[in-house]
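Student: test case, fold it:
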Amino acid sequence: MSNTAALTIRTDPKTKQAIADFANSVGMSTSAFATAVLLQTVRDRRVVLTPPLEPTPYLAKIMRKADADIEAGRNMSPPMDKKQALKHLRSLM
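Tutor: Purely as a prediction, here's the structure:
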């Protein structure tokens, strides 16, 4: 008698292959990987889904400008300790 039960899920072939490739890259079968994820979900009583970290178009524009300023040596403050940084921030108010 077996101690396992079958669980069938439906997904597209591309996702199935991506999951199999990832599971293999960490030394697990797809079944073992799925079981581990499901057991963690049950144990923690929550599901953690995180979106990819991508800046908004506005933030990406600011980041490009900052990178250009750094490369050109513009708008660079000298290194400061905590006391100097707080004094500088208060002067901006």
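Student: just the CA atoms of stretch 35-45, as CSV, please.
Tutor: What follows is stretch 35-45, C-alpha atoms only, in CSV (Å, rounded to 0.1, in the frame of the first residue of the first chain):
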residue,chain,number,x,y,z
THR,A,35,5.2,18.9,-2.3
ALA,A,36,7.7,21.2,-0.5
VAL,A,37,5.9,24.3,-1.6
LEU,A,38,2.5,22.9,-0.6
LEU,A,39,3.8,21.8,2.8
GLN,A,40,5.3,25.1,3.5
THR,A,41,2.0,26.8,2.6
VAL,A,42,0.1,24.6,5.0
ARG,A,43,2.7,25.0,7.8
ASP,A,44,2.9,28.8,7.5
ARG,A,45,-0.8,29.1,6.8
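Student: model confidence over it, on average?
Tutor: Stretch 35-45 comes out with an average pLDDT of 95.
Student: make 295 the starting number, not 1.
Tutor: Right, with 295 as the first residue, what we last looked at is stretch 329-339.
Student: how far does it sit from its chain's centre?
Tutor: Computed by Cα atoms, centre = their mean, to the nearest Å, the separation of stretch 329-339 from the middle of its chain amounts to 20 Å.
Student: do the same with stretch 380-387
Tutor: 33 Å.
Student: run a quick neighbour tally on T309.
Tutor: T309: 9 surrounding residues under other Cβ atoms under 10 Å. C-beta coordinates here come from the backbone N, C-alpha and C atoms, glycine included.
Student: against T324, how distant is it?
Tutor: Using Cβ to Cβ, to the nearest Å, T309 is found at 11 Å from T324.
Student: what do you get for P351?
Tutor: In terms of Cβ to Cβ, P351 sits 37 Å off from T324.
Student: then K359?
Tutor: 44 Å.
Student: okay, now A326: neighbour count?
Tutor: For A326, using other Cβ under 10 Å, the count is 12.
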